[in-house]
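Student: Next input, structure requested:
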Amino acid sequence: MTHNITIIGAGFAALTAIKEIRKRDANCNITLIAPKAEFIYLPSLIWIPSGKRTGDDLRIDLKPFFNKHNVTFFQGIVTAIQDGGRTVVTDNGNISNDALLIASGGRFIKKLPGIEHAITICEGIEAAEKMRDNIKAMDGGTITLGFGGNPKEPSAMRGGPMFELLFGLDTQLRQEGRRDKFNITFFSPAEKPGARLGSSAVKGILKELKKRNINTHLGHKMKGFEESKVITEGGEIDTDLIIFMPGMTGPSFATNTEMPLSPGGLIQSDMHCQVGGFKHVFVAGDAGSFPGPDWKPKQAHMADLQAVAAANNLLDSLDGKAATHTFKYELACIIDSNNKGTLAFRNEKRTLVIPPCRLLHYAKVIFEKIYLRGYRNP
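Tutor: Below is the predicted model of the structure:
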């Protein structure tokens with residue numbers, strides 16, 4: 001019997017799952033639903049503001065990849081999931097399936113008043129280009145960068161890219177001979193931002209901020225933004241440009257399902273990436289809420305690890321077998337500053353931090369090239 005598998009999303013988890021499924025099953029029908037048949041390499045958005053990358057460098061046409069792996073692309077935006085997961089409703093029609101993998105990613109919480117005045121770079125290439133163009137047009141002034149979280153889902157946040165933007169911006173302005181014309185301020189409601197990276201990493205980050213003469217405004221709950229202000233319970237920060245990474249919640253269609261949601265609005269899953277109470281329905285990546293340690297990360301590396309487990313359990317479930325594949329929690333991050341990188345690694349056994357060096361910057365560049373080559377030349 002040929003099974004029909006539907007995958008929602010075209011990011012890290014979705015593409016890794018396709019490769020994993022095809023290792024075991026060359027004949028099943030795979031339909032991938034996404035707004036576009038393209039992959040955006042989000043980790044390198046941090047290099048767009050300085051001009052080290054352009055949007056075209058990070059935008060991959062997935063048609064060759066889909067052809068190689070015999071995947072049917074369905075263009076659409078998912079609006080609901082019905083019939084216990086067997087029907088995916090989109091703005092372009094419905095898709096039926098025998099098994100479903102949700103790998104759509106999450107979405108940023110945009111509830112703070114005035115948040116339209118802030119640029120959220122991880123929203124995509126356009127946001128990164130907007131940051132680039134704004135900085136290029138400035139003769140000087142104050143740039144504020146910060147991140148928030150989801151109080152009901154502590155793991156649903158993006159802190160790493162903001163540290164990279166902070167350090168990268170400082171490097172960029174120094175290389176341009178303009179650093180003395182700018183004040184850079186970092187803000188966060190956390191007193192010790194980056195705590196998931198480990199205590200030694202936090203100390204290193206705070207030390208690096210001080211070394212680069214980057215001001216800090218930490219430990220104060222966010223209240224909102226104005227065009228030229230960041231407003232917190234600890235005071236206001238006058239600014240000329242705001243870069244802010246909000247906390248994350250589940251995809252917009254999550255509330256239009258009967259699937260269990262976490263308090264933070266993500267799709268609830270177990271360590272097998274299986275959605276409780278829903279047959280042949282799995283989740284991987286930022287859309288899911290998984291059990292685990294308080295430092296569990298939301299990053300591409302984790303999405304890949306979860307996708308491998310989800311794909312194998314999905315195939316096993318279609319064969320009538322119990323889910324047995326799990327994933328390990330592993331945080332692996334090179335915090336880049338445009339010319340140097342700091343390695344932060346953490347798993348359930350150890351934490352490792354390697355101080356800034358050029359070799360790690362080049363390692364991040366090389367990894368990007370190797371990763372993208374697999375999709376450019378499948």
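Student: Dihedrals phi and psi, Gly149?
Tutor: The phi/psi pair for Gly149 (degrees, to the nearest 10) reads phi -140, psi -180.
Student: neighbours around it, how many?
Tutor: 23 (other CB atoms under 10 Å). Placement of C-beta: from N, CA and C, glycine included.
Student: Does it touch Met157 like I think?
Tutor: Yes. Shown here, Gly149 and Met157 form a contact pair, counting by CB atoms under 8 Å, at 4.3 Å.
Student: Mind listing the shared neighbours of the two?
Tutor: Shared between the contact lists of Gly149 and Met157 (criterion: CB atoms under 8 Å, 6 or more residues apart in numbering) are residues Gly247.
Student: Output the contacting helices and strands for the lowest-mean-pLDDT helix or strand in the chain.
Tutor: Least confident helix or strand, the chain: helix 199-211 with a mean of 88, by mean pLDDT, DSSP states H and E. When contacts are defined as 3 or more CB pairs under 8 Å, 6 or more residues apart in numbering; DSSP states H and E, helix 199-211 sits against helix 160-175, strand 341-347, strand 351-357.
Student: residues of the first one that come out buried?
Tutor: What it means is helix 160-175. Within helix 160-175, the residues that qualify as buried by neighbour count (16 or more other CB atoms under 10 Å) are 160-173.
Student: Let me have the helices and strands packed on helix 199-211 in a markdown table, adding mean pLDDT as columns.
Tutor: Output for the helices and strands packed on helix 199-211, formatted as a markdown table (pLDDT from 0 to 100):
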| stretch | mean pLDDT |
| --- | --- |
| helix 160-175 | 96 |
| strand 341-347 | 93 |
| strand 351-357 | 92 |
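Student: can you pull the pLDDT of the nearest residue to Asn215 once chain neighbours are set aside?
Tutor: Nearest non-adjacent residue to Asn215, counting by CB to CB, 6 or more residues apart in numbering: Thr185, 4.3 Å away. According to the prediction, Thr185 has pLDDT 98.
Student: just Met1 next, same as before
Tutor: 79.
Student: I'd like the buried residues of helix 160-175 as JSON lines, with distance to Lys364 appended.
Tutor: Below are the buried residues of helix 160-175 laid out as JSON lines (distance: CB to CB, whole Å):
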{"residue": "Gly160", "distance to Lys364": "12"}
{"residue": "Pro161", "distance to Lys364": "13"}
{"residue": "Met162", "distance to Lys364": "16"}
{"residue": "Phe163", "distance to Lys364": "13"}
{"residue": "Glu164", "distance to Lys364": "10"}
{"residue": "Leu165", "distance to Lys364": "14"}
{"residue": "Leu166", "distance to Lys364": "16"}
{"residue": "Phe167", "distance to Lys364": "13"}
{"residue": "Gly168", "distance to Lys364": "12"}
{"residue": "Leu169", "distance to Lys364": "17"}
{"residue": "Asp170", "distance to Lys364": "17"}
{"residue": "Thr171", "distance to Lys364": "14"}
{"residue": "Gln172", "distance to Lys364": "16"}
{"residue": "Leu173", "distance to Lys364": "21"}
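Student: Can you tell me which of those lies closest to Asp91?
Tutor: Nearest to Asp91 among the buried residues of helix 160-175: Pro161, at 29.6 Å, using CB to CB.
Student: now the closest one: how far from Gly277?
Tutor: Using CB to CB, to the nearest Å, one gets 34 Å for the distance from Pro161 to Gly277.
Student: now swap in Met271 and tell me
Tutor: Distance from Met271 to Gly277, by CB to CB: 16 Å.
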